[in-house]
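Colleague: pasting the sequence and the predicted coordinates here, then a few questions.
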Amino acid sequence: MSLEVGAIVEGEVSGITNFGAFVQLPEGKVGLIHISEVSNVYVKDVREFLKEHDKVKVKVLSIDERGKIGLSIKQLTPPPAPQPKPQRPQVENRERRGPRPQAAKVAPVLSFEDKLSKFLKDSDDRMLDLKRNTESKRGGRGAKRDR
């Protein structure tokens with residue numbers, strides 16, 4: 001039986017690395033299960049899911065011209081069911097919760113021109129304050145002196 005893409009075969013884990021696991025396949029061939037193809041959940045360490053000499057069923061994903069075989073366990077397992085989002089408990093009597101907080105005040109929506117003119121005004125005010133503050137510390141170098 002020759003291996004082909006899409007075939008499902010059984011093999012034995014022959015080695016584990018940081019990036020995946022090598023599997024000894026029939027006919028003496030070796031394929032790699034990349035870490036991203038080990039499980040449907042996030043895999044930080046392959047050793048948490050596979051051990052050497054484990055018998056695994058894998059799907060052949062690819063066979064390149066150099067004979068490298070890409071395998072997957074993930075594609076043979078059904079995806080996990082989506083977890084329902086937890087619902088907040090409903091309080092039946094509003095009086096138990098106390099008074100409702102006031103809604104936050106919403107800033108008026110400004111046009112680009114309004115935002116730009118506000119920015120320029122604020123910037124000019126800051127520059128004026130900065131100049132006044134620096135001149136007073138320097139002894140008024142920029143001001144005219146009377147002789």
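Modeller: Sure, I can see it. What you are looking at is a predicted structure, and each value in this text was computed from that prediction instead of being measured. Residues are numbered from 1 along each chain as shown.
Colleague: from Leu71, how far off is Gly11?
Modeller: Going from Gly11 to Leu71 by Cβ to Cβ, to the nearest Å gives 8 Å. (Glycine included, C-beta is placed from N, CA and C.)
Colleague: compare these two (neighbour count), which wins?
Modeller: Per other Cβ atoms under 10 Å, whichever of Gly11 and Leu71 has more neighbours is Leu71, with 27 against 21.
Colleague: gap between the one helix or strand the more buried one maps to and the chain center?
Modeller: According to DSSP states H and E, Leu71 maps onto strand 69-72. With Cα atoms, centre = their mean, to the nearest Å as the basis, strand 69-72 stands 26 Å off its chain's centre.
Colleague: ok, now stretch 36-51?
Modeller: For stretch 36-51, the distance to the chain centre is 18 Å (Cα atoms, centre = their mean).
Colleague: for it, buried residues please.
Modeller: In terms of neighbour count (16 or more other Cβ atoms under 10 Å), stretch 36-51 has its buried residues at Glu37, Val38, Ser39, Val43, Val46, Phe49, Leu50.
Colleague: just checking: what are the partner strands of the strand holding Leu71?
Modeller: Strand 69-72 has its sheet partners listed here by DSSP bridges as strand 30-34 (parallel), strand 55-63 (antiparallel).
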